[in-house]
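K.L.:
need coordinates for the below:
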Amino acid sequence: MTRDVRVLAVSGSLRAVSSNGAVLDALAALAPADVRVTRFDGLAELPAFNPDLDGEGATPPPAVAQWRAAVAATDALVICSPEYAHGVPGALKNALDWLVSGPDVPGLPVAVVNATTRAHIAHASLIETLRTMSADVVEAASIRLPLGPGQRTAVDILADREAVAMLTAALGTLLVAVADTTRALHGPGHTGAS
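P.N.:
So this is what the prediction gives:
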C-alpha cells in the first residue's frame, strides 16, 4: 500500500487575494491524483522569531508548533513569494527563521516559484536562505512565471497555456526529487508504504 505524496504550499504574501496564492492553487489543481498539495496560511500568526521562546526547557508558541508540524509532515515544499523592496517578505523570512534549528528542512526538496519574471533579487535571496538551511533546492523546479497583472486567480492562470506548462513541468521535476530522496533514505525498493 502506498500513500500520497504530500506537498506543502506556502505563499509569502499575507494578502487574502494574491497572485502568489493563485499560483499555488493552480499548482494544486494540476497535481496528479496521488499528490496532495496543502496550503499553509498561518504565517501571520507566527510571532517574531525569538530564540528565548525556543531554548532548552521552553515550549514554542502554538503557532510555531503548528508550522513545524506541517513542515515535518511534508515530502516537499513549494514557496511562492512576492518581492518587497528587493527582499523576501518579513513574514516569510520569520517563518523560515523558526525552522533553522529544527531537523525537518535539511534534505527537504523545495521549489521556489515566483509569479513574475521581474522579482529576481528576492527569488535568489530566498534560494540562498534555503540552501543555508540545507534544504534541497530543486533548481529546475524553481521558476519565475511571466504572469500579467490581470492573472490574479487560479482560473486565470489555468487558462494560460505557458503558465500551465511551466507549473506542470516544475511539479514533475519536484516529484522526481522527492522520489530520489525517498530512495536515498529507504533504498530502491521503498514504495512509500506505511
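K.L.:
any idea where the helices of the protein begin and end?
P.N.:
Secondary structure of the chain (DSSP state H): helices at 19-30, 62-72, 90-97, 120-132, 154-158, 161-186.
K.L.:
contact partners of the fifth one?
P.N.:
With contacts defined as CB atoms under 8 Å, 6 or more residues apart in numbering, helix 154-158 is touched by 22-23, 25-26, 29-30, 145, 147, 150-151, 163-164, 167. In this view, the C-beta of every residue, glycine as well, is placed from N, C-alpha and C.
K.L.:
if I look at Ile157, how far off is Thr168?
P.N.:
Distance, Ile157 to Thr168, using CB to CB, to the nearest Å: 12 Å.
K.L.:
for those two, indicate the residue with more neighbours.
P.N.:
Taking neighbours as other CB atoms under 10 Å, Ile157 and Thr168 compare with Ile157 leading, 24 against 15.
K.L.:
the residue lying closest to the more buried one once chain neighbours are set aside: what's it in contact with?
P.N.:
Nearest in space to Ile157, with sequence neighbours left out and distances taken as CB to CB, 6 or more residues apart in numbering, is Ala26 at 4.1 Å. Ala26 is in contact with 154, 157-158, 163-164, 167, counting by CB under 8 Å, 6+ apart.
K.L.:
closest one to Arg3 out of these, please.
P.N.:
The nearest member of the contacts of Ala26 to Arg3, counting by CB to CB, is Leu167 at 23.3 Å.
K.L.:
Ala140 versus the closest one, what's the distance?
P.N.:
Taking CB to CB, one finds Leu167 at 13 Å from Ala140.
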